[in-house]
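[1] Below is the sequence, then the predicted model.
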Amino acid sequence: MKKINIEQGSPEWEQLRKTHFTGTMLKGICGTPKARQEMLYEVIANRLILGVDSDTDYENPMDRGSRLEIDAVSAFELEKNVSIERVGFIENDENPIISNSPDGYVKDTDDKIAIEIKCPLGKNYVKLWLTNKVPEEYLYQVFQYFIVNPKLEKLYFVGYHPQIQVHPLHIIEVFRKDILQEIETCKVEQEKFLSEAEAIIKKIIPEL
């Protein structure tokens, strides 16, 4: 056994933990196949990330996304040799309540190509990269892009992690033609829900 005189909680201690297996990790390694797979993504991320996983201690995911989004867009523009039009909010022509906040549209495509940016922490970025799939928690966000804009043909789902320098940008292409059933199902359910909500509101406030 080798003893290392180092202060727990220090940056040096954190760096050691990143590159070693600790008791905290053992539960994942010896757990269910899913837990083991998640731990594998974390171990790979820890080896690939240069420095700490975030420039700000205890940074929440939304703050991290806002901070890195502009760099992610620039990296995407360079990778694809395109320009991105930033758009704050989009409403559907038939029903303006149906809407989304896109990260951008590729210029000169007649609004047929859009981008969605995600800047996850290491483990989730590596998972996005290695599985090459839109994470389940973001699928409905993706569907909404196509529901709100009927002209949209392709969405670039973009993952960005600048500290994984071997592969800081990962792009997944989602095509309308491949998710037609999901788009239609979600569109119908959304409209049905809005009708139900509107009917209840009219009972409460009849003059509306």
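    In hand now; what should we look at?

[2] When you work out contacts or count neighbours from here on, use the C-alpha atoms and nothing else.
    Noted.

[3] Output the below-cut-off pLDDT ranges for the protein.
    Counting by pLDDT under 70, the chain contains low-confidence ranges at 2-4, 9, 11-12, 14-29, 51-59, 208.

[4] which residues touch the residue nearest the centre of it?
    The chain has residue 118 as the residue nearest its centroid, 3.5 Å off, counting by Cα atoms, centre = their mean. Shown in contact with residue 118 (Cα atoms under 8 Å, 6 or more residues apart in numbering): 65, 69, 157-160.

[5] Quick check, residue 171 in contact with residue 156.
    Yes. Contact status for residue 171 versus residue 156: in contact at 6.3 Å, counting by Cα atoms under 8 Å.

[6] hmm, back to that, bridged to the residue nearest to the centre of the chain, which residues?
    Applying DSSP bridges to residue 118 yields these beta-bridge partners: residue 159.

[7] Next: residue 106.
    Legend: beta-bridge partners of residue 106 under DSSP bridges are residue 84.

[8] The residue nearest to the centre of the chain and residue 106: what is the separation?
    Residue 118 is 17 Å from residue 106, where distance means Cα to Cα, to the nearest Å.

[9] same deal with residue 61?
    Distance, residue 61 to residue 106, by Cα to Cα: 25 Å.

[10] In terms of neighbours, single out the busier of those two.
    Taking neighbours as other Cα atoms under 10 Å, residue 61 and residue 106 compare with residue 106 leading, 19 against 14.

[11] hang on, isn't that one packed against residue 114?
    Yes. With contact defined as Cα under 8 Å, residue 106 counts as touching residue 114 (5.8 Å).

[12] For the longest helix seen in the chain, buried residues please.
    Longest helix of the chain, by residue count under DSSP state H: helix 180-204. Residues of helix 180-204 classed as buried: 183, 187 (neighbour count, 16 or more other Cα atoms under 10 Å).

[13] and it, how far from the chain's centre?
    26 Å (Cα atoms, centre = their mean, to the nearest Å).

[14] which helices and strands does that helix pack with?
    Helices and strands touching helix 180-204, by 3 or more Cα pairs under 8 Å, 6 or more residues apart in numbering; DSSP states H and E, are helix 139-148.

[15] where exactly do the strands run in this structure?
    Using DSSP state E, the strands of the chain run over residues 84-85, 90-91, 99-100, 104-106, 113-118, 154-160, 169-175.

[16] Mind listing the strands the last one pairs with, and their directions?
    Paired strands of strand 169-175, with direction, are strand 154-160 (antiparallel) (DSSP bridges).

[17] Also the second one?
    Next to strand 90-91 in the sheet, as set by DSSP bridges, lie strand 99-100 (antiparallel).

[18] what sits up against the strand it pairs with?
    89-92, 144-145, 148.

[19] 6 Å instead, please
    Contacts of strand 99-100 with the rest of the structure, by Cα atoms under 6 Å, 6 or more residues apart in numbering, involve 90-92, 148.

[20] Just the buried ones from those residues?
    Among the contacts of strand 99-100, those scoring as buried are 90, 148 (criterion: 16+ other Cα under 10 Å).

[21] closest to residue 137 among the contacts of strand 99-100?
    Of all the contacts of strand 99-100, residue 148 has the smallest distance to residue 137: 18.9 Å, by Cα to Cα.
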